[in-house]
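**Student:** Following is a predicted model, sequence given first.
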Amino acid sequence: MKLKDRVAIVTGGASGIGAASARLFAAEGAKLALVDQDNVGLGQVAADIEAAGGSAIIIPADVSSDAEARAGVDRVIEKWGRVDVLLTAAGMSTGGTVDTIEEAAWDRTFAVNVKGTYLWIHYAIKSMIENPRAPSSPSARSSRSRARARMRRTSPPRAPSPRSPRPWPSITPPRASASTR
Ligand SMILES: NC(=O)c1ccc[n+]([C@@H]2O[C@H](COP(=O)([O-])OP(=O)(O)OC[C@H]3O[C@@H](n4cnc5c(N)ncnc54)[C@H](O)[C@@H]3O)[C@@H](O)[C@H]2O)c1
């Protein structure tokens, strides 16, 4: 089990990507804190996880609320003493395009999708930094080192800094010589 006894918070845990991920994390041994504004969906996903032998608590909350994010993370720490994993899948879309979307809908979308993500990271990351954990299993360790190696192989070369002695190579095509004009 890759997440045995890890404590995972999943926002948007009542449906879609969040619910599917929460079920998967629970199957891998994690204890789940499910966050959502949909209480019915939260109850259903938590019940499914418990029925399959896992542990789940529900945290009904609006992810864009600072107070609710702080209280939600506090509740997880109170219950299990730590946070190891955070997945922020709560999100919304009002549809429309920049010429039709109203300002209030734009603001709400950013409050949920962007600020909601920031707030939960902001409160959850403290516990991760203060209580780091070694990888749970040799397979998790080796998949981590494989991922790191893959990133090293696929990372693009760094852009030279402004003070770098080597400028970017020119992309201007060479001038045609007299013989080809
Ligand atoms: N499914 C996809 O293919 C896909 C692709 C790209 C992006 N996305 C985005 O990823 C996010 C999740 O997608 P999904 O398919 O799981 O959507 P979903 O609608 O099934 O799940 C989103 C969950 O977030 C919850 N939520 C919304 N606003 C909230 C708030 N203020 N506070 C707490 N909970 C709130 C909803 O109640 C819902 O349970 C969405 O933002 C979606 O736009 C999805």
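**Tutor:** Great, that's in hand. Numbering: from 1, shown residues only.

**Student:** make it CA atoms for all contacts and neighbour counts henceforth
**Tutor:** Will do.

**Student:** mind listing what Ser21 touches?
**Tutor:** 10, 13 (C-alpha atoms under 8 Å, 6 or more residues apart in numbering).

**Student:** Distance of it relative to Arg108?
**Tutor:** Using C-alpha to C-alpha, to the nearest Å, one gets 25 Å for the distance from Ser21 to Arg108.

**Student:** and what of Asp84?
**Tutor:** When distance is defined by C-alpha to C-alpha, Asp84 is 29 Å away from Arg108.

**Student:** The two: which has the busier surroundings?
**Tutor:** Asp84 (20 against 16; other C-alpha atoms under 10 Å).

**Student:** The residue lying closest to the more buried one once chain neighbours are set aside and the ligand: what is the separation?
**Tutor:** Residue nearest to Asp84 in three dimensions, not counting chain neighbours: Val7, with 5.2 Å by C-alpha to C-alpha, 6 or more residues apart in numbering. Distance of Val7 to the ligand, computed by C-alpha to the nearest ligand atom, to the nearest Å: 19 Å.

**Student:** same question, Ser15
**Tutor:** In this structure, Ser15 and the ligand are separated by 4 Å, where distance is defined by C-alpha to the nearest ligand atom.

**Student:** Can you tell me the closest non-neighbouring residue to that residue?
**Tutor:** Nearest-residue entry for Ser15: Gly41, 6.5 Å, with adjacent residues in sequence omitted and distances by C-alpha to C-alpha, 6+ apart.

**Student:** so how far is the ligand from the one you found?
**Tutor:** Using C-alpha to the nearest ligand atom, we find Gly41 at a distance of 7 Å from the ligand.

**Student:** Quick check: the gap between that residue and Asp48.
**Tutor:** The value you get for Gly41 to Asp48, if C-alpha to C-alpha is used, is 11 Å.

**Student:** quick one, which of those two is more surrounded?
**Tutor:** Between Gly41 and Asp48, counted using other C-alpha under 10 Å, the more crowded position is Gly41 (18 against 15).

**Student:** before we move on, which element is that one in?
**Tutor:** Applying DSSP states H and E as the criterion places Gly41 in helix 39-51.

**Student:** same thing with Leu87?
**Tutor:** Taking DSSP H and E as the criterion, Leu87 maps to strand 85-88.

**Student:** by contact count, what packs against that strand?
**Tutor:** Secondary-structure packing of strand 85-88 (3 or more C-alpha pairs under 8 Å, 6 or more residues apart in numbering; DSSP states H and E): strand 7-11, helix 116-130.
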